[in-house]
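**Q** generate a structure from the sequence data that follows.
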Amino acid sequence: MNKQKNNLTRTSTYSKLYPKKKKKRKLKWKNIILFIFLLIFFTILIISLVNIVKWKLDSNKTGKQIKDVQDNIKINEKKDSEDTEIIKNDVPKSDPYWDFIKMNLIDVDFSQLKKTNDSTVGWIQVGGTNINYPFVQYSNNSFYLTHTFDKSYNKAGWVFMDYRNNVADFNKNTIIYAHGRVDNTMFGSLRKILTSGWLNNKNNYIVKLSTEAENTLWQVFSVYRIPTTNDYLKISFNNNQEFLEFANMLLKRSAHNFSTSVNDNDKILTLSTCYNDNDKVVLHAKLIKREKR
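**A** Sure thing, here's the model as predicted:
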């Protein structure tokens, strides 16, 4: 009887102890999971803070580079002369083109710019934006995604022309790229072209370029935001019909009707930048005035 009683006592004691061990195991696993979660959280936080600091440092360097360039380079407004070529291409009288061709060209001295960067090929101004920079060209389209104007490493990059283009004699489609920086440097302010404030001012519909070969004026005919694609990045065409089909695609894609057209004799300027990780902001303009230097 005593033996049976002792067995029951041991069983009861074991039953009482076992749940406690189980609870301890559960608590141990909860602590491990919590620790892993906190470790992941703080790792992400530290990486994010490091990236923010790097971005800010790049931004500061870019801002200084922009200021140095813009403070030291004089941009002259140039009125039409007997050497100015007005490109008409059968433009109807209703086209706002007739107002735009009255605008002055810009003329830039590249000697100082080329001392800083011998890859400098031009200067670009876009109406109604902060875009007022020299642009460069390299043997590929990747170098200036991570290098600034003085060729130092910087993820802010710089404004650059597609390596396939010929700046001395513009292709049927000339392409200029830059990062869409959230601080509105580089092509960050190109996002403005999709806002009513930009679109409601017709004086914004102009892009001015100055190169060592000539000064040119370009009339905007299409602006849009689109999921990343390369169908607008073609620079040459087999025939006029192929070019017209390309131009009509750009016209139909526009988020705004600029009341203008493109014909087979025109040359196009394309500006492209990131809107976000998935989309691009794109502007297309046609050449309407030029003057050899």
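**Q** for the stretch 101-250 of the chain, what spans make up the helices?
**A** In the stretch 101-250 of the chain, the helices defined using DSSP state H, counting those that start in this stretch lie at 111-116, 196-199, 240-253.
**Q** in JSON lines: those, plus mean neighbour count.
**A** Using the backbone N, CA and C atoms, a C-beta is placed for each residue, glycine as well. JSON lines is the format used below for the helices of the stretch 101-250 of the chain (neighbours: other Cβ atoms under 10 Å):
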{"stretch": "helix 111-116", "mean neighbour count": "14"}
{"stretch": "helix 196-199", "mean neighbour count": "14"}
{"stretch": "helix 240-253", "mean neighbour count": "15"}
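**Q** tabulate the ones you listed (JSON lines), appending mean pLDDT and distance to residue 215.
**A** Listed next are those as JSON lines, based on pLDDT from 0 to 100; distance: least, Cβ to Cβ, whole Å:
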{"stretch": "helix 111-116", "mean pLDDT": "93", "distance to residue 215": "15"}
{"stretch": "helix 196-199", "mean pLDDT": "96", "distance to residue 215": "24"}
{"stretch": "helix 240-253", "mean pLDDT": "97", "distance to residue 215": "24"}
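**Q** in the stretch 101-250 of the chain, what residue spans correspond to strands?
**A** Along the stretch 101-250 of the chain, counting by DSSP state E, counting those that start in this stretch, strands occupy 105-108, 120-126, 132-137, 160-161, 173-177, 206-211, 214-227.
**Q** closest to residue 75 out of the ones you listed?
**A** strand 105-108 (5.4 Å; Cβ to Cβ).
**Q** for the closest one, name the packing helices and strands.
**A** If contacts are counted by 3 or more Cβ pairs under 8 Å, 6 or more residues apart in numbering; DSSP states H and E, strand 105-108 sits against strand 75-78, strand 120-126, strand 206-211, strand 214-227.
**Q** got the CA positions of it in CSV?
**A** Output of strand 105-108 as CSV, limited to C-alpha atoms (Å, rounded to 0.1, in the frame of the first residue of the first chain):
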residue,chain,number,x,y,z
LEU,A,105,19.8,80.8,-78.2
ILE,A,106,22.4,80.2,-75.5
ASP,A,107,26.1,80.3,-76.1
VAL,A,108,28.7,78.8,-73.7
